[in-house]
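A.B. asks: starting from these lines, generate the structure:
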Amino acid sequence: MVVKWVLHWQPSAGAQVTSQTLVDLFRSIESMNGVRTGRWQITAAQHRPFTRDQAMAIDCAKELLGVAFSEFASKHYFVLRAERMVVEADSSIQAIMEKLQVYRNRLSMVFEGFQYQLGDFQLKAGRAVLSQAENLRGIVLEFAQVEYSPVSSIEKTRQMMQEFVDLWQEAISAQSMSGRISLLEPNFAEYALSDTYTWQHTALQYIFLFAYFLSQSQRA
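C.D. replies: Here you go, the predicted structure:
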């Protein structure tokens with residue numbers, strides 16, 4: 001699997017993230033000759049154990065964070081931050097959880113937007129909103145090298161990925177936008193994830209971004 005970087009838009013001090021910000025980011029990609037190829041969607045959710053049975057609650061993780069990818073609908077991923085684990089499961093696990101009433105979905109965040117092709121790279125840009133409301137919580141950006149000889153090593157691709165981020169930032173600056181794109185990279189080794197990139201790495205990045213956007217909204 002190719003290495004992906006999941007970034008977010010970091011506004012300058014005093015600036016706000018708005019729907020126009022996302023439109024301007026789309027324009028920055030198109031100014032680099034990016035071609036829009038479709039839509040994408042990812043859902044992240046925070047699950048908490050049902051507390052009716054205290055004995056069962058003690059045996060369960062206090063927090064379970066899940067991620068579902070529209071492009072890989074057969075799987076569902078869970079992150080247990082306290083235990084430093086990333087778990088892959090069949091997509092039917094959600095229905096099983098609801099039926100057994102072990103965990104309840106406390107809140108969900110949807111990441112959605114447009115996908116672009118730009119030379120060797122695939123880019124995604126979109127908004128992050130809580131499923132219970134349409135208020136914009138942030139802007140997410142993802143990119144990966146997908147053509148020719150893609151490399152699965154995180155460290156071997158780091159310089160190339162950073163050079164692309166710098167190029168993208170130049171295009172953004174040309175749009176006179178007040179802010180920058182920022183990488184919120186987890187420590188993959190803490191979650192027993194190797195240098196070889198997998199869907200678990202992508203899931204962990206989106207969970208970190210999910211938690212970050214929630215913390216930012218609570219401070220506002």
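A.B. asks: check which element follows the lowest-mean-pLDDT helix or strand in the chain along the chain.
C.D. replies: Lowest on mean pLDDT, DSSP states H and E among the helices and strands of the chain sits helix 54-59, with a mean of 54. Where DSSP states H and E defines the elements, the next helix or strand beyond helix 54-59 is strand 64-69.
A.B. asks: partner strands of the next helix or strand after that next one, with direction?
C.D. replies: As assigned by DSSP H and E, the chain's next helix or strand after strand 64-69 is strand 75-80. Strand 75-80 sits in its sheet next to strand 64-69 (antiparallel), strand 85-90 (antiparallel), going by DSSP bridges.
A.B. asks: which one of these is the most hemmed in?
C.D. replies: Among those, ranked by average contacts under mean count of other Cβ atoms under 10 Å, first place goes to strand 64-69 (a mean of 22). C-betas here are computed from N, CA, C, even on glycine.
A.B. asks: keeping just the C-alphas, turn that one into CSV.
C.D. replies: Extracted C-alpha coordinates of strand 64-69, given in CSV (Å, rounded to 0.1, in the frame of the first residue of the first chain):
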residue,chain,number,x,y,z
LEU,A,64,-13.2,3.0,21.3
LEU,A,65,-12.6,5.1,18.3
GLY,A,66,-13.7,3.8,14.9
VAL,A,67,-13.0,4.7,11.3
ALA,A,68,-14.8,3.6,8.1
PHE,A,69,-13.5,4.3,4.6
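A.B. asks: need the residues that contact that strand.
C.D. replies: For strand 64-69, contacts defined as Cβ atoms under 8 Å, 6 or more residues apart in numbering pick out 42-49, 75-81, 91, 94, 103, 199, 202-203, 206-207, 210-211.
A.B. asks: just stretch 166-174 next, same as before
C.D. replies: With Cβ under 8 Å, 6+ apart as the test, stretch 166-174 has contacts from 24-25, 28-29, 31-32, 143, 179-181.
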